[in-house]
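Student: Could you work out the structure for the sequence below:
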Amino acid sequence: MTYRNRQSLAISAAAALLGSSAIAQADATKAEVDALRARIEVLEAASGTSGDLTQFRLGGTAVDIYGYVKADFFYDFDFIQGDTAFVNNIGEPANATDGQFGATLRQSRLGFRTSTETDIGTLQSQLEFDLFASGGASELRLRHANIQIGDHWTVGQTWTNFMPLGHYPTSVEFNGPVGIAFARTPQIRYSNGIGENFNYSFSIEENAGSSSDPVFTAAAEYTADRFSARIAGLAGTIQSGGVEVDQTGLTLSGSFTPWEGGLFQATYVTGEALGPYLIGVGAAIVGSQANDVDGFTLEYRQDIGNKWNVGIGYGREEYDLATSTGTLDFTELETLHLNAFYNPTDNLQLSAEYIIGERTTSSGASFDGDRVQLAVQLNF
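Tutor: A predicted model of the protein is given here:
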């Protein structure tokens with residue numbers, strides 16, 4: 001916790017002491033009360049604030065509460081996609097609509113971070129929830145629960161090391177474009193760096209799909225002033241219907257800032273039996289064979305002044321073998337996200353997005369679905 005935050009906590013403590021003193025010591029002299037009030041005013045003047053209610057201490061541990069409340073309003077024109085704009089729903093006769101309005105607050109989330117100084121270094125933890133329970137219910141769902149030991153070790157559930165988190169496209173709706181890895185898994189990860197620009201990491205993780213074996217990943221990233229590049233690999237096994245196959249994957253990603261406020265990003269993923277790691281969640285095994293897949297995303301973003309940001313993101317997934325869903329299957333998925341974000345204050349965000357999704361079946365038939373989404377988000 002910073003010196004500024006410690007001062008804020010001292011202010012809060014002093015204010016509490018002032019209140020308790022007034023109750024427990026009704027005969028306290030005016031001079032004593034004035035002196036305590038003067039002390040509070042000195043602390044407030046030094047910190048420039050009257051306290052930060054999201055940060056406090058429990059013994060020797062600093063605790064930070066963070067998160068946001070987000071209200072999403074959406075309209076599906078052709079097929080009902082659900083709270084997360086699930087492109088796989090497009091084409092299914094049961095999801096057909098002449099127009100369907102929906103709203104959700106399930107993306108809202110709450111998290112806690114802690115930091116404790118010990119004889120073996122700094123120990124940190126993260127515990128985070130959102131409201132995306134199964135079956136459309138608004139119940140707490142665990143997102144992150146991990147411990148960081150010093151600068152190098154992470155133990156617990158967090159984003160898979162295979163995922164290019166720093167190059168993930170921005171979207172209003174929850175998933176974003178197809179064609180990119182997206183998973184949170186229990187893991188043990190080691191991270192380190194060489195100089196200021198090069199970082200690498202290794203992990204042993206639980207599989208995002210069904211497997212009795214762990215997954216092994218490795219990643220390396222180079223970051224400079226105007227560009228960054230990352231490579232990650234994955235190896236393991238996966239099971240379905242009594243069949244076990246090898247699971248391998250490679251992700252390449254990068255970003256480039258050509259001018260002030262501009263950003264280009266791209267990701268590419270390829271491998272066998274990788275469906276459970278991708279937004280489209282294609283089947284890992286079909287007919288006792290590993291289902292190979294290629295996916296990619298492209299994004300361009302531009303700041304407009306200090307309060308506006310606009311962007312376009314495209315994603316595609318191509319599977320060798322068809323995944324059955326309801327009455328149809330799919331071998332290809334595509335999405336296009338056009339969005340704009342406006343920040344009237346530092347912690348309030350208004351956003352709008354137009355989403356186009358396409359699903360192609362193994363017979364070559366294709367189905368389109370459009371969606372408009374608006375959102376209001378308050379961060380804390």
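
Student: okay, CA-based contacts and neighbour counts for the rest of this
Tutor: Fine.

Student: beta partners of Val289?
Tutor: In this structure residue 289 is Gln, not Val. Taking DSSP bridges as the rule, Gln289 bridges to Val286.

Student: how close does it sit to Gln247?
Tutor: 11 Å (Cα to Cα, to the nearest Å).

Student: Look at those two and report which has more neighbours.
Tutor: More crowded of Gln289 and Gln247, by other Cα atoms under 10 Å: Gln247, with 23 against 15.

Student: Quick check: that one vs Asn207, distance?
Tutor: 10 Å.

Student: Overlap in contacts, those two.
Tutor: 236, 238 (Cα atoms under 8 Å, 6 or more residues apart in numbering).

Student: Show me what the strand or helix carrying Thr217 packs onto, helices and strands only.
Tutor: In this structure, Thr217 sits in strand 215-223 according to DSSP states H and E. Helices and strands touching strand 215-223, by 3 or more Cα pairs under 8 Å, 6 or more residues apart in numbering; DSSP states H and E, are strand 198-205, strand 227-240.

Student: Kindly reformat those strands as TSV containing mean pLDDT, mean neighbour count and distance to Gly67.
Tutor: Shown next, in TSV, are the helices and strands packed on strand 215-223 (pLDDT from 0 to 100; neighbours: other Cα atoms under 10 Å; distance: least, Cα to Cα, whole Å):
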stretch	mean pLDDT	mean neighbour count	distance to Gly67
strand 198-205	98	20	26
strand 227-240	97	20	28
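
Student: Rebuild those strands as JSON lines, extending it with distance to Leu348.
Tutor: JSON lines is the format used below for the helices and strands packed on strand 215-223 (distance: least, Cα to Cα, whole Å):
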{"stretch": "strand 198-205", "distance to Leu348": "33"}
{"stretch": "strand 227-240", "distance to Leu348": "29"}
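
Student: looking only at pLDDT, what's the mean for the strand holding Thr217?
Tutor: For strand 215-223, the mean pLDDT works out to 98.

Student: what are the pairing partners of it, and which direction each?
Tutor: Short version: by DSSP bridges, strand 215-223 pairs with strand 198-205 (antiparallel), strand 227-240 (antiparallel).

Student: Could you check how far it is from the centre of its chain?
Tutor: Put simply, strand 215-223 sits 18 Å off its chain's centre (Cα atoms, centre = their mean, to the nearest Å).

Student: In it, which residues are buried?
Tutor: 215-222 (16 or more other Cα atoms under 10 Å).

Student: In TSV, list these along with distance to Thr325.
Tutor: Output for these, formatted as TSV (distance: Cα to Cα, whole Å):
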residue	distance to Thr325
Val215	27
Phe216	30
Thr217	30
Ala218	33
Ala219	33
Ala220	36
Glu221	37
Tyr222	40
